[in-house]
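Q: okay, predicted coordinates and the sequence, questions at the end:
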Amino acid sequence: MPPLGLASLAAMAEQRGFRTKILDFHYYHGDFRRDLRRWNPRIIGIGGTTPTRKESFYIARMAKEVLPNIPVVYGGVHATFTAEDTLRHIPAIDYVVQGEGEYPFAALCEKFVGAVDVDLRAEHGIAFRTEKGIRCNAPKRIHDLDALPMPARYLFEHPYNLKIDFLGFEADFLMTSRGCPVMCTFCSASRMFPGGVRLRSIALIKAELDSMLARKTIRALKIFDSTFTANREHVLAFCAMIKPYRLLWECEIRVDTVDRELLLMMKLAGCFYVDIGMETSNERLLKSIAKNITVAQAEHVMRWCRELGIRTKVFFIFGHYGETRRECNNDIAYIRRHRHDIDVFANSVGIRVYPGTSLEKRIRSSGMFAKDFSWALFVPPKRNLLLMEMGDVPILEQEQLSIFRLVWISLRLDFQLTNLSPEYLLRFVSNMFRSVFRSIVRPLRSVRHAAQRRMQEALQRPS
């Protein structure tokens, strides 16, 4: 997906008079050190997630090698919940932005680029080192999303040729809200965007859509809200706005926030595909993970979607905290019974542990993480590769559900043809290439750059 978060930060910085540049390492393949010298930025911001944090740290180190006096800022979901740990172990990172980053990053730009006397101790959402240790200022919720400028999509230097699933139409991403109404134990969205769901006005959404359509031709949208249907009036207003555009669109819903009437209105406005987080067919586990839905609710919604011709993607996770082998087998049987009723099963075998989640807190308190556990230094066991986890993310191992038993569950799902979707295969290939890059290409590139630096230093020495 396009880095809309970086585009939003860039838009806020440009609104305050600063020139910005967005570099997306999915597409950029230049010589970063050489280009960094040429661009000569006054501040460098790096975004990232938990699976990509090591790449973010690597970029920070390269930036410090080239421009040692330029402040390096790290932000995003992972940074928000690991600020102190990151600053303690990654000296190349000077500041960490926690929570929604538009205003904190703009304040850092004012201080280091605009030469404004900004007291960082009074700025919300910024963590940094002091003589007395690491200071973490609590993030502040942005109440009015309409106060933010539209994401600066014009800064994207590479085309994002997104395709909508099933039809292959040209598509683009759009966000109409921030936040989630519930706090599932394995997800940090509700803590990253606290205080429930906040909505953007329909007028601003329409303006952004018009701006997108002025730049490119698309036939579909992927709405990237955590829960698009959290507010019924917002959904109805969006449907009324989007209908004349004759665009197809996909969104993520909760089964306790929709009924047949609302789904029909969405269908008539172009919705052809919904994502549903069911996670398990076990009522006990649904309560345990704080999903706050029932199996009956999910089945009603899936039946209505079939009747209305709306395609469905349903998410299942195997390996919840306290889940038994029998409960896993029951979910496998449930999927087998419903594999002709649901278009895509998005199965995740082995629950991943992310910072900021109540699952992480529970694991720490239970002693399953070492007392000196560090997200910055964590190196996963090689057996994680058996579940295609190449992102240095811990997988919850339990006595009753070891990695090897989870692998067996994954194989069973493969054999009953619920995992072998195009998305699954694409992720497998992508992860394999990424693993090769991390283990072979990057070290070789580092050796080459080190050799080049030694040669340059030798040439610069007086004879």
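A: Cool, got the structure.

Q: could you count how many residues lie near F369?
A: 15 (other C-beta atoms under 10 Å). Yep, even glycine has a C-beta here, placed from its N, CA and C like the rest.

Q: show me what contacts the residue lying closest to it once chain neighbours are set aside?
A: Of all residues not flanking F369 in the chain, I363 sits nearest, at 5.6 Å (C-beta to C-beta, 6 or more residues apart in numbering). By C-beta atoms under 8 Å, 6 or more residues apart in numbering, I363 lies in contact with 321, 353, 369, 396.

Q: how many neighbours does the second one have?
A: Think V353. By other C-beta under 10 Å, the residues close to V353 number 20.

Q: what's the helix or strand for the residue nearest to F369?
A: Assigned by DSSP states H and E, I363 belongs to helix 358-366.

Q: tell me the gap between the helix or strand following that helix and the middle of its chain.
A: Sequence-wise, the next helix or strand downstream of helix 358-366 (DSSP H and E) is helix 403-415. Its chain's C-alpha centre and that of helix 403-415 lie 26 Å apart, by C-alpha atoms, centre = their mean, to the nearest Å.

Q: cool, stretch 14-21 as well?
A: From the chain centre to the centre of stretch 14-21 is a distance of 25 Å (C-alpha atoms, centre = their mean).

Q: flag every buried residue along that stretch.
A: Using 16 or more other C-beta atoms under 10 Å as the test for burial, stretch 14-21 gives 14, 18, 20.

Q: ok so the first one is a strand residue?
A: No: going by DSSP: H, G, I helix; E, B strand; the rest coil, the assignment for E14 is helix, not a strand.

Q: got a pLDDT number for it?
A: pLDDT for E14: 97.

Q: can you check R448 too?
A: Per-residue pLDDT puts R448 at 60.

Q: kindly report the same for the one 4 residues further on.
A: You'll see Q452 listed with a pLDDT of 59.

Q: do the same with P151
A: 95.

Q: just the element for it, please.
A: Element membership for P151 (DSSP H and E) is empty, with no helix or strand holding it.

Q: that one - nearest residue in space that isn't next to it in sequence?
A: Per C-beta to C-beta, 6+ apart, closest to P151 is A7, 3.6 Å.

Q: and the one you found, how far from F238?
A: For A7, the distance to F238 equals 21 Å [C-beta to C-beta, to the nearest Å].

Q: of those two, which one has the most company?
A: Applying other C-beta under 10 Å to A7 and F238 shows that F238 carries more neighbours, namely 27 against 19.

Q: just the element for the nearest residue to H320 once chain neighbours are set aside, please.
A: Among residues not flanking H320 along the chain, L285 sits closest, at 5.3 Å (C-beta to C-beta, 6+ apart). Here L285, judged by DSSP H and E, is contained in helix 283-288.

Q: by contact count, what packs against that helix?
A: Helices and strands in packing contact with helix 283-288 are not found; criterion 3 or more C-beta pairs under 8 Å, 6 or more residues apart in numbering; DSSP states H and E.

Q: contacts for that helix, please.
A: 185, 279-280, 292-295, 320-323, 327.

Q: hmm, 10 Å instead?
A: The contact list for helix 283-288 (C-beta atoms under 10 Å, 6 or more residues apart in numbering) reads 184-185, 278-280, 282, 291-298, 317, 320-324, 327, 331.

Q: which among the residues you listed end up buried?
A: For the contacts of helix 283-288, a burial check counting by 16+ other C-beta under 10 Å picks out 184-185, 278-280, 282, 291, 293, 297-298, 317, 320-321, 323, 327, 331.

Q: from C180, how far off is M192?
A: The spacing between M192 and C180, counted by C-beta to C-beta, is 9 Å.

Q: correction: the previous question concerned K291.
A: Going from K291 to C180 by C-beta to C-beta gives 12 Å.

Q: need the overlap of contacts for the two.
A: By C-beta under 10 Å, 6+ apart, K291 and C180 have these common neighbours: 187, 254.

Q: of the buried residues of stretch 14-21, which is the nearest to E261?
A: Each of the buried residues of stretch 14-21 was scored against E261 by C-beta to C-beta, and E14 proved nearest at 42.5 Å.

Q: is that closest one in contact with T20, as I believe?
A: Yes: here E14 reaches T20: they are 5.7 Å apart, a contact under C-beta atoms under 10 Å.

Q: what touches both of the two?
A: Each of 109, 152, 155 lies in contact with both E14 and T20 under the rule C-beta under 10 Å, 6+ apart.

Q: which of the three states applies to the first one?
A: The three-state assignment at C109 reads helix, by three-state DSSP.

Q: and it, what pLDDT?
A: pLDDT for C109: 97.

Q: contacting residues around it?
A: 9, 12-14, 16-18, 20, 42-43, 45, 71, 73, 116, 118.

Q: quick one, domains of the chain?
A: What automatic domain parsing lists as the domains of the chain is 4-136, 161-420, 428-463.

Q: how about the ones you listed, which one is nearest D144?
A: D144 lies closest to domain 161-420 among the domains of the chain, at 8.1 Å (C-beta to C-beta).

Q: on that earlier part again, most widely separated two among the buried ones among the contacts of helix 283-288?
A: Among the buried ones among the contacts of helix 283-288, Q297 and Y321 lie farthest apart (C-beta to C-beta), at 22.5 Å.

Q: number of residues surrounding the residue lying closest to E110 once chain neighbours are set aside?
A: Leaving aside its chain neighbours, E110 sits nearest to V116 (4.2 Å; criterion: C-beta to C-beta, 6+ apart). Per other C-beta under 10 Å, the neighbour tally for V116 reads 11.

Q: now swap in F32 and tell me
A: 16.

Q: tell me which helix or strand the residue lying closest to it once chain neighbours are set aside sits in.
A: Leaving aside its chain neighbours, F32 sits nearest to M62 (5.8 Å; criterion: C-beta to C-beta, 6+ apart). When elements are assigned from DSSP H and E, M62 belongs to helix 53-66.

Q: alpha carbons of that helix, as PDB, please.
A: Output in PDB follows, covering the C-alpha atoms of helix 53-66 (Å, rounded to 0.1, in the frame of the first residue of the first chain):
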ATOM      1  CA  ARG A  53      12.100  -2.400  12.400                       C
ATOM      2  CA  LYS A  54      15.600  -3.800  11.700                       C
ATOM      3  CA  GLU A  55      15.500  -2.300   8.200                       C
ATOM      4  CA  SER A  56      14.500   1.100   9.800                       C
ATOM      5  CA  PHE A  57      17.400   0.800  12.200                       C
ATOM      6  CA  TYR A  58      19.700   0.000   9.300                       C
ATOM      7  CA  ILE A  59      18.500   3.100   7.400                       C
ATOM      8  CA  ALA A  60      19.100   5.200  10.500                       C
ATOM      9  CA  ARG A  61      22.700   4.000  10.800                       C
ATOM     10  CA  MET A  62      23.400   4.700   7.200                       C
ATOM     11  CA  ALA A  63      22.000   8.200   7.500                       C
ATOM     12  CA  LYS A  64      24.200   8.900  10.600                       C
ATOM     13  CA  GLU A  65      27.300   7.700   8.700                       C
ATOM     14  CA  VAL A  66      26.700  10.200   6.000                       C
END
